[in-house]
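Asks: Show me how the following folds:
(chains A and B)
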Amino acid sequence: MKRRDFLEGVTGGVVVSASGVLTPRFALSGSISMGPPELPSGALESAVLEALPGKKPLIKRTFRPPNFETPVSYFNELFTPNDVFYVRYHLINIPKVNERDWKLRIGGEAVEKPFEVTMDELKIGFEQVEIAAVNQCSGNRRGLVQPHVPGIQWGYGAMGNARWRGVRLKEVLNKAGIKKDALEAVFNGTDSGAIAGTPDFVKSLPMWKALDENTLIAFEMNGEPLPHLNGYPARLVVPGWTATYWTKQLSSVDVVSKPFDGFWMKTAYRVPKGAFPMKDRFLSQEAEVNTPITEILVNSLITNIENGQRFSLGQWIEVQGIAWDGGHGIERVEVSTDEGKSWRLAELGHDAGRFSWRQWNFRFKPDKKGVHSLMVKATNRIGGTQTFQLIQNPAGYHHNLVQKLTIEVA
Amino acid sequence: MSKRVVLISFLFISGCTVTEEAEFQLKDGPGKDLVSANCAMCHSIDYIQMNSVFLDRQGWEKSVDKMIKVMGAPIKAEDVAPIVAYLTKYYGK
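Replies: The predicted structure is shown next:
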């Protein structure tokens, strides 16, 4: 079977001829725009700026499933606009579920009264809340890992910060009556693979995290319905934890009394035990050597200056960026302009909540011409900070190395 | 739900990704057709170039093995060696 035939097969025989309505491709020369120079050469070569429907041009890492990264310049805003929010899927079929037809099934052996809820019932029957939270892919910055490891070769942009509106998962589960032996909540969405043998993307959370008051079934993002490619009509929002748990196109929640053993929990999204300073534990999923990834580690990023950018001597340089963590909140951000010998405090911006990223700014005037370095490092409210040496792990997760840029002063 | 969302969905499936994806080409060489036929069934071919150039033969073997054993790729046993050979020669370190 030819590939094109196959594609037509899985897309219902739609003839592929809609290029006339597409946003033109923005072919850019040079590697900076397609990601930092540390990315694998093939990743820089295969990336293009491409607009998915409903989105502005983003950095294409892979077409199918769609994995598209947000250019760093958009992170100069406190909240990442929906039309530039990154896209990450594991499976190629992403059905469009009509909001009016959508139903969420709550079940599993550890609930008393399984039930189904429509979008109207969800919106009317439960208190609506909104929370600002960073959504970051576990593998954000994987492309910077040396030596490189296989996977989506993300630069800095597999993340975004948004205001998520929805209802508390806790209240919905309580309506079903949680039994005493409840151990994990298991989440499935409507996406699926091309062939039956591909493991469905199903994730679980420990009950304590599922019942956290900040964990939501969200239907809005930044005051608008979720974009299709960010989970419409509803997705899970798990503030503080990496985006692998934020199930998109959410269709069912099963509360179970045994550890869920699907591939995406048992094998994927794991980190070596004890390797990272993670505080949140997922005890029922811990194995001898590894454990599921949980909360986002402290991190920071310069957002308004590109590597190699030129400045004039005598000019004040305004450095702007963001800092975030897994929900403790940012205590301070420091910048070094002398290769890390000394650090000075940056000024923190508006606090939109402990799960949001925090903007910061810093200004300095270089006293001589030549190449200067800029480094940034954040510390959270429990004293957690970033690393100067990569913590190796097979899947390249949790990259939070202190960022270093060079600028040229002439 | 708005008409706009239906339209977005239609465009997503029918246009953008598939059309632009088709422009992406693997390097010419023995095994290319086999790789296209077997890999593009489940994912776009750009996954291969993106994951280059840093995998050696063993690395590509491991990737192909994962696709078969974990992701369920129905790759015939006799096709594995030529697929790995192609990936190693054209996208290996």
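Asks: Name the nearest residue to the residue nearest the centre of chain A, sequence neighbours excluded.
Replies: Nearest to the centroid of the C-alpha atoms of chain A, with distances taken as Cα atoms, centre = their mean, sits A:Gln136, at 2.3 Å. Distances taken as Cβ to Cβ, 6 or more residues apart in numbering or on different chains place A:Met159 nearest to A:Gln136, at 3.9 Å, with adjacent residues excluded. Every residue, glycine included, has its C-beta placed from N, CA and C.
Asks: returning to that earlier point: check whether the residue nearest to the centre of chain A really touches A:Ile296, as I assumed.
Replies: Yes. Shown here, A:Gln136 and A:Ile296 form a contact pair, counting by Cβ atoms under 8 Å, at 5.4 Å.
Asks: can you list residues touching both of the two?
Replies: For the pair A:Gln136 and A:Ile296, residues contacting each of them under the criterion Cβ atoms under 8 Å, 6 or more residues apart in numbering or on different chains are A:Thr242, A:Trp324.
Asks: Pull the number of nearby residues for residue 67.
Replies: Picking chain A for this. Neighbour count for A:Asn67, taken as other Cβ atoms under 10 Å in any protein chain shown: 27.
Asks: I was after chain B.
Replies: As a burial measure, the neighbour count of B:Met67 was computed by other Cβ under 10 Å and equals 18.
Asks: The residue nearest to A:Gln136 against A:Asn140, yeah?
Replies: Yes. Here A:Met159 lies in contact with A:Asn140, judged by Cβ under 8 Å, at a distance of 5.2 Å.
Asks: pLDDT on stretch B:29-40, on average?
Replies: Stretch B:29-40 shows a mean pLDDT of 96.
Asks: now what about it, what contacts it?
Replies: Stretch B:29-40 is contacted by residues A:1, A:3, A:6, B:26, B:45, B:47-48, B:67, B:73, B:75, B:79, B:82-83, B:85-87, B:89-90 when judged by Cβ under 8 Å, 6+ apart.
Asks: again, but for stretch A:197-209
Replies: A:90-91, A:178, A:182-189, A:191-193, A:215, A:238, A:241, A:244-245, A:247, A:255-256, A:259-260, A:262-265, A:280, A:282-285, B:42, B:70-74.
Asks: Using PyMOL, define a selection of the buried residues within the residues you listed.
Replies: The PyMOL command for the buried members of these (criterion: 16 or more other Cβ atoms under 10 Å in any protein chain shown) is given here:
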select buried, (chain A and resi 90+91+178+182+183+184+185+186+187+188+189+191+192+193+215+238+241+244+245+247+255+256+259+260+262+264+265+280+282+284+285) or (chain B and resi 42+71+72+73)
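Asks: Which of the contacts of stretch A:197-209 fall in helices?
Replies: Of the positions in these, A:Phe263, A:Trp264, A:Met265 sit in helices, assigned by DSSP state H.
Asks: between those residues, which is closest to chain B?
Replies: A:Phe263 (6.4 Å; Cβ to the nearest Cβ).
Asks: And the closest one, how far from A:Asp325?
Replies: 29 Å (Cβ to Cβ, to the nearest Å).
Asks: need the helices for chain B, in chain order.
Replies: Assigned helices in chain B, in chain order: B:3-14, B:16-22, B:32-39, B:46-50, B:57-69, B:77-91 (criterion: DSSP H).
Asks: Next, the residue nearest to A:Gln136: phi, psi?
Replies: phi -160, psi 170 (degrees, to the nearest 10).
Asks: Spit out the contact partners of it.
Replies: A:Met159 makes contact with A:Thr70, A:Tyr86, A:Val134, A:Asn135, A:Gln136, A:Cys137, A:Asn140, A:Ala243, according to Cβ under 8 Å, 6+ apart.
Asks: Any stretches of the chain with poor pLDDT?
Replies: Let's take chain A. Flagging of chain A using pLDDT under 70 yields the residue ranges A:1-32.
Asks: Can you look at chain B instead?
Replies: Along chain B, the model assigns pLDDT under 70 to residues B:1-19.
Asks: How about it: which residue is closest to chain A?
Replies: Taking Cβ to the nearest Cβ, chain B has B:Gly72 as its residue nearest chain A, at 1.9 Å.
Asks: Excluding chain neighbours, what is closest to that residue?
Replies: A:Gly197 (1.9 Å).
Asks: any idea how far that neighbour is from A:Pro66?
Replies: The span separating A:Gly197 from A:Pro66 equals 21 Å under the rule Cβ to Cβ.
Asks: Who has more neighbours out of the two?
Replies: Each of A:Gly197 and A:Pro66 has its neighbours counted (other Cβ under 10 Å); A:Pro66 has more, 23 against 14.
Asks: That one touches A:Leu52, doesn't it?
Replies: Yes. Because the distance of 6.2 Å satisfies Cβ under 8 Å, A:Pro66 is recorded as touching A:Leu52.
Asks: before we move on, back to that, point out the most buried one among the helices of chain B.
Replies: Among the helices of chain B, judged by mean count of other Cβ atoms under 10 Å in any protein chain shown, the one packed with the most neighbours on average is helix B:46-50 (a mean of 25).
Asks: Could you name the helices and strands sitting against it?
Replies: Taking 3 or more Cβ pairs under 8 Å, 6 or more residues apart in numbering or on different chains; DSSP states H and E as the contact definition, the neighbouring helices and strands of helix B:46-50 are helix A:41-46, strand A:57-62, helix B:32-39, helix B:77-91.
Asks: Of all the ones you listed, which one comes closest to A:Leu345?
Replies: Evaluated with Cβ to Cβ, the helices and strands packed on helix B:46-50 place strand A:57-62 nearest to A:Leu345, the distance being 32.1 Å.
Asks: Direction included, what does the closest one pair up with?
Replies: Taking DSSP bridges as the criterion, strand A:57-62 sits next to strand A:48-51 (antiparallel), strand A:67-69 (antiparallel) in its sheet.
Asks: Out of these, which is the most enclosed?
Replies: Among the strands paired with strand A:57-62, ranked by average contacts under mean count of other Cβ under 10 Å, first place goes to strand A:67-69 (a mean of 27).
Asks: Take the contacts of A:Met159 and keep only those in strands.
Replies: A:Val134, A:Asn135, A:Gln136 (DSSP state E).
Asks: how near is the second one to B:Glu20?
Replies: Which is A:Asn135. From A:Asn135 to B:Glu20 the distance is 25 Å (Cβ to Cβ).
Asks: try the first one
Replies: Using Cβ to Cβ, one obtains 29 Å as the distance from A:Val134 to B:Glu20.
Asks: How about A:Ile305?
Replies: 31 Å.
Asks: and if you look at A:Arg165?
Replies: Per Cβ to Cβ, A:Arg165 is found 33 Å from B:Glu20.
Asks: What is the neighbour count of the closest residue to A:Val319 other than its chain neighbours?
Replies: Nearest non-adjacent residue to A:Val319, counting by Cβ to Cβ, 6+ apart: A:Phe362, 4.5 Å away. Applying other Cβ under 10 Å, we find 20 residues neighbouring A:Phe362.
Asks: isn't A:Phe362 right up against A:Trp316?
Replies: No. Here A:Phe362 lies out of contact with A:Trp316, judged by Cβ under 8 Å, at a distance of 10.8 Å.
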